[in-house]
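**Student:** 3D, please:
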Amino acid sequence: MIWQPSGLWKALDMDPSRPVVGKRFLLWIDGVGGYWVCLGEEVVLGRSISSVADVPLLGDLAACHARIRRDSEGYLIEAVREVYVDGRPVTHAALLRDGSRIQLGAGVRLLFRRPHALSATARLDFASHHRTQPSVDAVVLLADVCVLGPAARSHIVCPHWPQEVTLYRMEDELYCRSVGPLEVDGRPGRDRAKVGLDSRIAGPHFAMRLEPL
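**Tutor:** As a prediction, this is how the structure comes out:
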């Protein structure tokens, strides 16, 4: 297994065996940036005008150029067209590790990150000028929990926040949890609340909104 999340699941009152329907959304964080979030266990990387790609990139790529698949052993990238990992060509599939350098085609370059030891969630950083449309700062592959906060281990680093905020999945729903009270779509609540793919979430020191794709 690639992670031991029992402590994190227990803290969030979650059951890690429950399935979640694959979806995508944009996450805009005030004062931090924008993130393309994928919830599926398999995502397709490809050309931006393609209706097939879960992560459409502005670059010279095929409509379905590569697939990244998550399972209990980790993340694999499967080559449909030309793919390199750490400078080596991928003929079929290759294991991705924290810090793996991905190249799609002649010039689209991504950096694969798994920053949090207790979560299978990963992030794709842009290592070339190529971006999604709309343009974002990174792509988050949300497996269980997405940690937002000031620490380097956070999936999304928010340097000026005083504490962590988490987005997490339970059954087919998405929730947010913070240390202090939350306000979701203008409704005040406690430290945990269910959110939709078009919700605005605010706390004493942060604000963010979700936008469906």
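**Student:** and the pLDDT for the residue nearest the centre of the chain?
**Tutor:** Geometric centre of the chain, nearest residue: V140, 1.5 Å, by CA atoms, centre = their mean. pLDDT for V140: 98.
**Student:** within the sheet, what are the partner strands of the helix or strand encompassing it, with directions?
**Tutor:** Taking DSSP states H and E as the criterion, V140 maps to strand 138-141. Strand pairing for strand 138-141, using DSSP bridges, gives strand 33-38 (parallel), strand 122-126 (antiparallel).
**Student:** got the angle between whichever helix or strand comes after it and strand 33-38?
**Tutor:** Of the helices and strands lying after strand 138-141 in sequence (DSSP H and E), the nearest is strand 145-149. Interaxial angle, strand 145-149 versus strand 33-38 (axes from the mean of the first three to the mean of the last three CA atoms, to 10 degrees): 170 degrees.
**Student:** ok so, going back, just how off-centre is the strand holding V140 within its chain?
**Tutor:** 3 Å (CA atoms, centre = their mean, to the nearest Å).
**Student:** what's the answer for stretch 205-213, then?
**Tutor:** 14 Å.
**Student:** go through that stretch and flag the buried ones.
**Tutor:** By 16 or more other CB atoms under 10 Å, the buried positions in stretch 205-213 come out as F206, M208, R209, L210. C-beta coordinates here come from the backbone N, C-alpha and C atoms, glycine included.
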